[in-house]
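[1] predicted model follows, preceded by the sequence.
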Amino acid sequence: MKILFLNGPNLNLLGQRETGVYGKTTLAQIENEVRKQATAVGAEVEFRQTNTEGELVTWIQQAPEAWDVVVLNAAAYTHTSIALRDAIAAIKLPVIEIHLSNIHAREHFRHKSLIAAVCQGQISGFGFHSYTLALTAALNVNALLK
Ligand code: DQA
């Protein structure tokens, strides 16, 4: 199983950014933990981060060439990007939406996810554990689709 973790804008600042909301764990530390758990079950993972919407769109479009599942923390683009939604809808791979914070318990403008309806499901509010929970979801998603 090959799982691609895509991270959107400002997630490169995890560990120093609004730590009361997002915690003190860096994206590199999250990646290490996810990689450790994935390796233990024979899964392959790759982590990417970009601050650019179009790069996320391109990565989603290309994902079916090499990956089985995409885990996506689209960060602020979750709430704004029809282009991301269309890219997810255009591919046949399952995409799992994740957030460190509980977007439904925050400002009103974060309650709406433009990508939720085209994703397999959403994990939101478990801090860095959202990523390890997403790994578990990704490892099991194919069974759901059969
Ligand atoms: C986030 C939630 C978004 O609303 C926010 O713009 C982010 C991070 C999260 O992981 O909690 O940048 O996706």
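    Looks like it arrived, so ask away.
[2] from here on, just use CA atoms for contacts and neighbour counts.
    Noted.
[3] near the ligand, which residues of the chain show up?
    Within the chain, the positions near the ligand by Cα under 6 Å from any ligand atom are 10, 73-76, 99-101, 103, 110.
[4] 5 Å instead?
    Residues of the chain found near the ligand, taking Cα under 5 Å from any ligand atom as the criterion, are 75-76, 99-101.
[5] can you give me the helices in this structure?
    19-22, 27-40, 53-62, 82-90, 129-145 (DSSP state H).
[6] quick revisit: which of the residues of the chain next to the ligand count as buried?
    Burial by neighbour count, 16 or more other Cα atoms under 10 Å: within those this picks out 75-76, 99-101.
[7] how about low-confidence regions in this protein?
    143-146 (pLDDT under 70).
[8] what bridges to the residue positioned nearest the centre of it?
    Nearest to the geometric centre of the chain sits Leu72, at 2.1 Å (Cα atoms, centre = their mean). With DSSP bridges applied, Leu72 shows beta-bridge pairing to Leu6, Glu97.
[9] right, I'll leave it there.
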